[in-house]
Every structure is written in structure tokens, then in C-alpha cells.
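A.B. asks: Next one to model:
(one chain, ligands or ions: 1)
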Amino acid sequence: MAAGSAKVSLTGIKPTGEPHLGNYIGAIRPALKLAQNYEAVYFIADYHALTTIRDPELLRHYTRSVAASWIASGLDPDQVVFYRQSDVPEIFELTWIMACMTGKGLMNRAHAYKAARDRNQEAGKEDLDTGINMGLYNYPVLMAVDILIMEADVVPVGRDQMQHVEIAADIAGSFNHVYGKSYKFKIPDAIIPDADTGHTLPGVDGRKMSKSYDNTIPLFCPEAQLKKLVKRIPTDSTPVEDPKDPDSSNVFQILEQFATSDVAANVRQRLQAGGMGWGDLKNQLFEVLNDQLSPLRDRYNALMEPDSELDGLLAAGAEKARKRVLPVLSQARKAIGMA
Ligand code: TRP
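C.D. replies: Below you'll find the model as predicted:
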């Protein structure tokens, strides 16, 4: 999409783990699809990850891994503004400005902070703020600025992040209320890709695939590991010859997301007819996944090499991002009386 002519879709990806199949279906694939119709601005939210990741090597690794995964999955850095949040210092300048527009009560009501306090309460802690850092508390302000500084129209996020986008709209509203005669931030809308498809992938224990359940299949794990993990997906004890309901099978649900519609329809029919065992289905799933992912995996592995082109791509992305934010920041500074 050419710059200037289209609406802006923006999302941030927190580098707190290696991307897995669930991230691909729930976030990467829908965001790349949106990039066909929107001007896409996608970034690695490494400062957001700092609220939880304290191991520098790990943060470095996850940051590269997430960036490499998106590019290997088809993100074209020439078409998408793709950068690392920490490479755009203007975000922090605006973060202070917007913190001064943000009611403390609004932050008290943010889900992530409330959940952390609830956990302290359950653990019987006297001070409910025990172990909660200001990064977690201010998280929604930084996220609001990520969105507002890029003048995003839509923000594709998971359901858990919707409140944060609403908070961003609130904070923009507060600024606009005071300074709107001079400068107005664009008010963003959250969009939930899941709502279109209704798809969340089951993990290797049958619950929703999620890093916090430790049940994921990494998107670019080696072939042998992929095979092993597919074998671990739970199935029931229906005998091979019996008909099976594809829609209540975890294995089929994953297959359906990755296979062509012809292959998925064929497997569906074989399951319903009886005679197809779970082992057979798992072999099919492995084949489908491996066929789709192995070319992407090669690209991922090449990007993950120490001196690959990845760092240059991110540096070029940061330059584009910084160019974009300068006029926004300078108008906001002018509006508040600092320029
Ligand atoms: N908070 C988001 C998450 O946990 C990541 C994020 C940071 C983000 N900044 C953003 C998402 C801006 C959308 C827009 O996944």
C-alpha cells in the first residue's frame, strides 16, 4: 500500500517468547492480510517486554526471533514500516507528555495491573502492589503512544489487548480536549482478527495454545521436534475403524488452518467415514505443517544467523518510523507550549 493513500493498521508484538503456531494463525497471518489493504506499521515492542524479561541475552534473542519470524512469514520490510520500538526515542518523549494527560484512576483500572494485584491478594500479600513495577503500571500509556504517534486508524490485537486500545483512545481524547484547537490525535479503533475467523488453535495439551500454558508448537522448530510435538496432541480412544467428528478433534482443528481447503475437505470426509486413525491424522498434519513451514523455516534460520541482513532491515525500518513520527511530535510539542 502506498504511503498517504490508505488507512493505517498498526500493531506491536511483544518479544517475550519464540512465535508459535497459535501466534501465526491468531496474529501474524491476519496482520499480513491487513497489510494488503492498509498502510501497515508493525513493530517489536521490546520496551513492553522489559516489564517481564530481565535476561539481556533472552530479550535480544526474542527480539530477533520475533522480527525474523514475521519477515519469514511474508512481511515485506519494503512495504511495511517494521521497526523495533526502542529504536524510536520520540516515542518516549511523547510518553511523558501523554502521561501528564492520563488520569491515575484510568491506570488503576487497567486489566494487567488489576490482575497483578489480584494475584497478590490471592497470595495473601498485605501490600497489593508487591512486585509490581512502574513499567507494568505505565504500560498502557506507552502503548497508547505507540499507537497515537503513528496516527493509526486500526489496531489488530487479541481480545486481551482491547482495553489498552480503548485507553489509548481515552488518552487521545484528553489531549484533544485541552489542545484540540492546535493539534488533534487520531482516535484509534481496535480490531480483533479472531472475531472474523473464530479461530484459536489448541495446544499440545488440548487447551488454547499459549506460552503461559507451556503447550505450544514453535513456528520454526526443527522438523524432528515438529513431528514429536504433533504426536503429543491429545486424542480420544475411538478405534481406527470408527467414524470420527473432525470438529471435536484438536489435531483436525490445526490441520484445517494450515491445509488447502481441498486437503482439509478430503481429510474431514475420511474421518467421518471411519477407517482413518488418529495416528494417520497426525501424520497428515505433520506433512501439511512441514510442507508449508519448511521454506519459511529456511528463511527464518538464515535471518537468525549472527550477521544476517536482519539488523540492517530493522535499522532501515527505524529510520522510516522516525521520519514518520517527527511531524506528529513537533505538532504535539507546539500545542502544549514547548515549541
Ligand atoms: N501490549 C501488546 C501485547 O501484549 C503489545 C503492544 C505494545 C501493542 N504496543 C502496542 C499492540 C501497540 C498494539 C498496539 O501483545
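
A.B. asks: Where does the residue in the chain that the ligand sits nearest to sit: helix, strand or coil?
C.D. replies: The chain approaches the ligand most closely through G12 (2.8 Å), counting by C-beta to the nearest ligand atom. Where C-beta positions appear, they are placed from N, C-alpha and C, glycine not excepted. Under DSSP: H, G, I helix; E, B strand; the rest coil, G12 falls in the strand class.

A.B. asks: nearest residue to it other than its sequence neighbours?
C.D. replies: For G12, ignoring the flanking residues on the chain, the nearest one in space by C-beta to C-beta, 6 or more residues apart in numbering is A45 at 3.8 Å.

A.B. asks: try V204
C.D. replies: Closest residue to V204 apart from its sequence neighbours, by C-beta to C-beta, 6+ apart: R232 at 4.4 Å.

A.B. asks: Go ahead and confirm the one you found touches G206.
C.D. replies: No. If you go by C-beta atoms under 8 Å, R232 and G206 don't touch, sitting 10.2 Å apart.

A.B. asks: what's the residue nearest to G12 in contact with, if anything?
C.D. replies: With contact taken as C-beta atoms under 8 Å, 6 or more residues apart in numbering, A45 is in contact with G12, I13, K14, P15, Q85, M143, D146.

A.B. asks: can you pull out the strands in the stretch 101-250 of the chain?
C.D. replies: 154-156, 189-191 (DSSP state E, counting those that start in this stretch).

A.B. asks: Just send these back as TSV, with mean pLDDT too.
C.D. replies: TSV is the format used below for the strands of the stretch 101-250 of the chain (pLDDT from 0 to 100):
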stretch	mean pLDDT
strand 154-156	97
strand 189-191	96
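
A.B. asks: among those, which is the most enclosed?
C.D. replies: strand 154-156 (a mean of 22; mean count of other C-beta atoms under 10 Å).

A.B. asks: D280: which of the contacts of A45 is nearest?
C.D. replies: I13 (35.8 Å; C-beta to C-beta).

A.B. asks: gap between the closest one and A27?
C.D. replies: 7 Å (C-beta to C-beta, to the nearest Å).

A.B. asks: Could you do D127 as well?
C.D. replies: Using C-beta to C-beta, D127 is found at 35 Å from A27.

A.B. asks: so where do the helices sit in the stretch 151-300 of the chain?
C.D. replies: Under the criterion DSSP state H, counting those that start in this stretch, helices of the stretch 151-300 of the chain are mapped to 162-179, 193-197, 223-232, 250-258, 261-273, 278-304.

A.B. asks: most packed of the ones you listed?
C.D. replies: Among these, helix 250-258 has the highest mean neighbour count (mean count of other C-beta under 10 Å), at a mean of 21.
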